[in-house]
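Student: Fold the following for me, if possible:
(4 chains)
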2 protein chains.
Amino acid sequence: MVTIKDVAEYSGVSVATVSRALNNSGYVGEKSRIKVEEAVKALGYYPNEVARSLYQKSSKMIGLLLPDISNPYFPLLAKGVEDYAQQNGYMVILGNVEDNPEKEDMYVKFFSQYNISGVLSASAGKKNNTYRVPFILLDRADEEEDYSVSTDDKLGGKLAAQAILKAGGKHAIVMAGPKNVSGANDRLSGALSILDNGGLSYKVMETNSFKVEKAEITAINLFETYESFDSVIASNDVYALAVMKEAIKRGHKIPEDIQIIGYDDMLFSRLMYPGLTTIAQPAYDVGYQGAKMLLDLIEKKTVKNKKLKLKPKLITRNSLR
Amino acid sequence: MVTIKDVAEYSGVSVATVSRALNNSGYVGEKSRIKVEEAVKALGYYPNEVARSLYQKSSKMIGLLLPDISNPYFPLLAKGVEDYAQQNGYMVILGNVEDNPEKEDMYVKFFSQYNISGVLSASAGKKNNTYRVPFILLDRADEEEDYSVSTDDKLGGKLAAQAILKAGGKHAIVMAGPKNVSGANDRLSGALSILDNGGLSYKVMETNSFKVEKAEITAINLFETYESFDSVIASNDVYALAVMKEAIKRGHKIPEDIQIIGYDDMLFSRLMYPGLTTIAQPAYDVGYQGAKMLLDLIEKKTVKNKKLKLKPKLITRNSLR
DNA sequence: TTGAAAGCGGTACCAT
DNA sequence: ATGGTACCGCTTTCAA
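Tutor: Residues are numbered from 1 along each chain as shown, chains lettered A, B, ... in the order given. Have a look, this model is predicted:
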């Protein structure tokens, strides 16, 4: 391993001068600078970030806390984070916390042990004030004081309801989604605000999970509990799919007998038959903008908007009439 | 921040003794040990890993290089890695390299700057010998000398072909998959080895991507190019889905007219109608076992099997007769 | 403009 | 069994 000392010897100056030259800090004579640059090139030197981090008590690493990487929404978000971080010389440390407070605590500790310089969290866990570094909430924006980047779910809910209305639904079922997820509540209230003035009847179906495992049983429940509906606003694409499957199985035609709209726009939603009409969430952008906000905070740039709301949009395919 | 020095002062011993007590290295008297433990508890001390890492030239961090997190196979693999790592006190650093050698080089450098102690790579990029730390290939096993964990794709191909045969296929199309991915070749040769003795006719369709964007066009090509086939062995589930969609669109019944088998078993494959019969890849296990092998290597435990092959298995649903 | 030296928070060698 | 201390690689103060 080639160290700053090697560079100093090779170029005939002191390590202090090399350090200054490398960091553009303090005075460095022109000749010294040149000699250092040559030495760096000749030796293939690059600084040891661990040593630097020890002194500076910070690093070029940020943490990303996710509730569940296997949920297809999060990899996209993670990709956005990773892209922005990588473009700006930061590494991202992945923490799959699964809404498990203990795991989250482990990571908080890890992060501080390694001088991580900021954290992005999409985890629904209790907001952890233990962080002494910039902290940004992804996809949630409960508390007033936090920095956050999220989707405008109320708008998303409205969009979905409007699409159903426009397609001529008469009797709709709207799935409520988990009550402890603020986004789910926003969607619901957004949808209802439109439906209430839309001249169609609707019922709200309580569902309390986004989990894939629950999708099939929820779809079955839907058909066993309700009768004579012609439209479904599903919690998300996975649930929409499950409903489609169950509907077809029971001999209903989509969209003729029953029309369905999803939420998320996962990559396979367009691979269904019929293609699923859905509300696209800007998952990648949430990650990307979140990372940007975090690095701005870390580098003490001013962040104009503490709470960034990104807009979802309607993706029209063939599951609505 | 509370340091080892604080602990030493509080407990009235030297930092050397504290260090020994904490690491169970060297002699420590019973009384000293107790005093240290009390001090640690009272002060809420935990070691700074950056300082430790600087001295030891290693850390409790491992790198994970992925070709594309948005491909649903990889998050599962990542979850396996993360789980094992986390259970053993390691953090994982995520690198989405997208088969881009420059990005990969960036990460190689990053990793060494931060004393990462091992690397797991599912990237198809040139094998990077620049690593001076344990290195394990995930999902690929080209070169003889490497450590690797992968799926037995030849077996997977056989399983798929056997299922088609058993379901009574007469004329099959088998998609070849990208030629530069060794797993794809193994699947193909596995499938053909069965088909050749199966008493049915088949054709191999060249496809050269696993990418989602290509799936729809490939499905269309399939129907435009070939006639009178009754069975399809698809490259993966996404492609299988696209084929199903196109088939239904064209008025074919599944599985009555055309039967289809996929590869991967992605979570939504069972949410289709009809449910997709497929070969399940142990993505999570590849990650988990890979992480295990890596940590064993890092901690100098003996690894009995340099090249671990995990078994795929047939998941029977309703897309075969 | 430059270099010596004191840290940053640990580990481990060497005396005692 | 214990403590003093050099050292890991880098940054920054301070004096020259």
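
Student: Now do the contacts for A:Gln281.
Tutor: For A:Gln281, the contact set (C-beta atoms under 8 Å, 6 or more residues apart in numbering or on different chains) comprises A:73, A:151, A:156, A:263-265, A:312. For glycine as for every other residue, the C-beta is placed from the backbone atoms N, C-alpha and C.

Student: and which of those is nearest to DNA strand C?
Tutor: Ranked by distance to DNA strand C (C-beta to the nearest atom of the strand), those are led by A:Tyr73 at 37.8 Å.

Student: shouldn't the closest one be in contact with A:Tyr284?
Tutor: No - counting by C-beta atoms under 8 Å, A:Tyr73 stays clear of A:Tyr284, with 10.3 Å between them.

Student: circling back: which of the contacts of A:Gln281 has the weakest pLDDT?
Tutor: Lowest-confidence member of the contacts of A:Gln281: A:Tyr73, scoring 88 (pLDDT).

Student: what's the neighbour count on that residue?
Tutor: 24 (other C-beta atoms under 10 Å in any protein chain shown).

Student: before we move on, what about the one 10 residues further on?
Tutor: Under the neighbour criterion other C-beta under 10 Å, A:Asp83 is assigned a count of 17.

Student: Need phi/psi at it.
Tutor: Main-chain torsions, A:Asp83, degrees, to the nearest 10: phi -60, psi -50.

Student: and it, what does it touch?
Tutor: A:287-288, A:291, B:96.

Student: and what of A:Leu76?
Tutor: By C-beta under 8 Å, 6+ apart, the contact set of A:Leu76 is A:283-284, A:287, B:69-70.

Student: hmm, 10 Å instead?
Tutor: A:Leu76 is in contact with A:264-267, A:281-287, B:69-70, B:75, counting by C-beta atoms under 10 Å, 6 or more residues apart in numbering or on different chains.

Student: From A:Leu137, how far off is it?
Tutor: The gap separating A:Leu76 from A:Leu137 is 17 Å, by C-beta to C-beta, to the nearest Å.

Student: per-residue confidence averaged over the strand or helix carrying A:Asp296?
Tutor: Using DSSP states H and E, A:Asp296 sits within helix A:283-298. Per-residue pLDDT over helix A:283-298 has a mean of 97.

Student: confidence score at A:Gly44?
Tutor: Note on A:Gly44: pLDDT of 96.

Student: What sits closest to it if chain neighbours are left out?
Tutor: Among residues not flanking A:Gly44 along the chain, A:Val2 sits closest, at 6.5 Å (C-beta to C-beta, 6 or more residues apart in numbering or on different chains).

Student: pLDDT wise, what is the one you found at?
Tutor: 96.

Student: try A:Glu145
Tutor: pLDDT at A:Glu145 comes out at 70.

Student: That one: neighbour count?
Tutor: 6.

Student: Please identify which helix or strand holds it.
Tutor: Using DSSP H and E, A:Glu145 falls outside every helix and strand.

Student: now it: how far from A:Lys306?
Tutor: Plainly put, A:Glu145 is 8 Å away from A:Lys306 if you go by C-beta to C-beta.

Student: Next, the contact list for the residue of the stretch 101-250 of chain A found nearest DNA strand C, please.
Tutor: Here the residue of the stretch 101-250 of chain A nearest DNA strand C is A:Gln113; by C-beta to the nearest atom of the strand that distance is 8.4 Å. Taking C-beta under 10 Å, 6+ apart as the contact definition, A:Gln113 lies against B:46-53, B:59-60, B:91.

Student: near DNA strand C, which residues of chain A show up?
Tutor: Selection of chain A residues close to DNA strand C by C-beta under 7 Å from any atom of the strand yields A:12-17, A:20, A:26-29, A:31-32, A:51, A:54-55, A:57.

Student: Next up, the contacts around the residue in the stretch 1-150 of chain A positioned nearest to DNA strand C.
Tutor: Going by C-beta to the nearest atom of the strand, DNA strand C is nearest to A:Gly29 of the stretch 1-150 of chain A, at 2.7 Å. With contacts defined as C-beta under 10 Å, 6+ apart, A:Gly29 is in contact with A:13, A:17, A:21, A:35.

Student: Now these in TSV, please, with extra columns for secondary structure.
Tutor: Listed next are the contacts of A:Gly29 as TSV, based on DSSP: H, G, I helix; E, B strand; the rest coil:
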residue	secondary structure
A:Val13	coil
A:Thr17	helix
A:Ala21	helix
A:Lys35	helix
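
Student: Tell me the most packed of the residues you listed, by neighbour count.
Tutor: The most crowded member of those, judged by other C-beta under 10 Å, is A:Ala21 (23 neighbours).

Student: what about stretch A:136-149, distance to the chain center?
Tutor: A distance of 12 Å separates the centroid of the chain from that of stretch A:136-149, by C-alpha atoms, centre = their mean, to the nearest Å.

Student: Report the buried residues of stretch A:215-222.
Tutor: A:215-216, A:218-219, A:222 (16 or more other C-beta atoms under 10 Å in any protein chain shown).

Student: Revised request: answer the last question for stretch A:101-116.
Tutor: A:103-104, A:106-108, A:110-116.

Student: I'd like to know how far the closest residue to DNA strand D within the stretch 101-250 of chain A sits from B:Ser117.
Tutor: Per C-beta to the nearest atom of the strand, A:Asn115 is where the stretch 101-250 of chain A lies closest to DNA strand D, at 11.9 Å. Separation of A:Asn115 from B:Ser117 (C-beta to C-beta): 17 Å.

Student: pLDDT weak spots in the stretch 101-250 of chain A?
Tutor: A:125-130, A:144 (pLDDT under 70).
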